[in-house]
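Okay, sequence plus prediction incoming.
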Amino acid sequence: MTTFFLFCKAIHLIAVICWFAGLFYLPRLFVYHSSSEDKVSRARFELMEAKLFRIIMSPSMMVAVVFGLLMIGLRFDAYAAAGWLWLKLVLVAGLIGFHIYCKRIMVALASDSFERSEKFLRMLNEVPVLPLVIIVFLAVFKPFA
C-alpha cells in the first residue's frame, strides 16, 4: 500500500470515529431534550444538538465519505468485485439516511412538533450499533471478496 493510501485510510478512520460519536450521542440528547420541561433546559439541548450536528457530525460524515470514496477510486480495480465493500456502502448509505433523519428530529424538537415518545428516542439511540458492527466485520474479514 502506498503512503498516500494509508494516509487516506487514517483520515477516513478518524472521521468515522468522530461521526459515530455524534450518531451515538445525538439521539441521547434527544431523549434528554424530549423529557425536559423548562425553557432553559430545552434551549440548552437545542444548542448542544445544533453544535454537535453542525460542527462535529456533518463535517465528519463528509470527510469519511470523501476519503472512503478516494480510497475506492485509488484501488477500484481491486474493489470492483468485492461484495463486502458494496454491502458496506449500502450500510453507509443507510447511516447517511439516519444522519438526515436526526436533523429532522432536531428541527421537530426545536419547534415542539415532535410527536414520538421518549421510548422511541431511546430505541433510536441503538440504531447505529448494528450497522457499525456489520461494517467493522466486513472491513476486517472481507467476506465474499
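Done, it's in. Numbering: from 1, shown residues only.

Tell me the backbone dihedrals of Ser113, please.
Ser113 adopts backbone torsions of phi -110, psi 10, taken as degrees, to the nearest 10.

Would you state the predicted confidence (pLDDT) at it?
For Ser113, the pLDDT comes out at 95.

burial count for it?
8 (other C-beta atoms under 10 Å). Every C-beta, even on glycine, is put in place using the N, C-alpha and C of the backbone.

Ok, Leu121 next?
21.

I'd assumed Ser34 was in contact with it.
Yes. Checked against C-beta atoms under 8 Å, the pair Leu121 and Ser34 is within contact range at 5.8 Å.

Give me the next element, helix or strand, following the strand or helix carrying Phe98.
Per DSSP states H and E: Phe98 is located in helix 83-110. Downstream of helix 83-110, the next assigned helix or strand under DSSP H and E is helix 118-124.

gap between that following helix and the chain center?
The chain centre lies 17 Å from the centre of helix 118-124; the measure is C-alpha atoms, centre = their mean, to the nearest Å.

for it, packing partners?
If you count contacts as 3 or more C-beta pairs under 8 Å, 6 or more residues apart in numbering; DSSP states H and E, helix 118-124 packs onto helix 3-35.

In the helix it packs on, which residues are buried?
For helix 3-35, burial by neighbour count (16 or more other C-beta atoms under 10 Å) applies to 8-9, 11-12, 15-16, 18-20, 22-23, 25-27, 29-34.

and stretch 71-91, which residues are buried?
Met71, Leu74, Tyr79, Ala82, Trp84, Leu85, Lys88, Leu89.

which residues touch the residue nearest to the fourth one when sequence neighbours are not counted?
In space, Ala82 comes closest to Ala145 once its chain neighbours are excluded; the distance is 5.4 Å by C-beta to C-beta, 6 or more residues apart in numbering. Taking C-beta atoms under 8 Å, 6 or more residues apart in numbering, we find Ala145 in contact with Ala81, Ala82, Gly83, Trp84.
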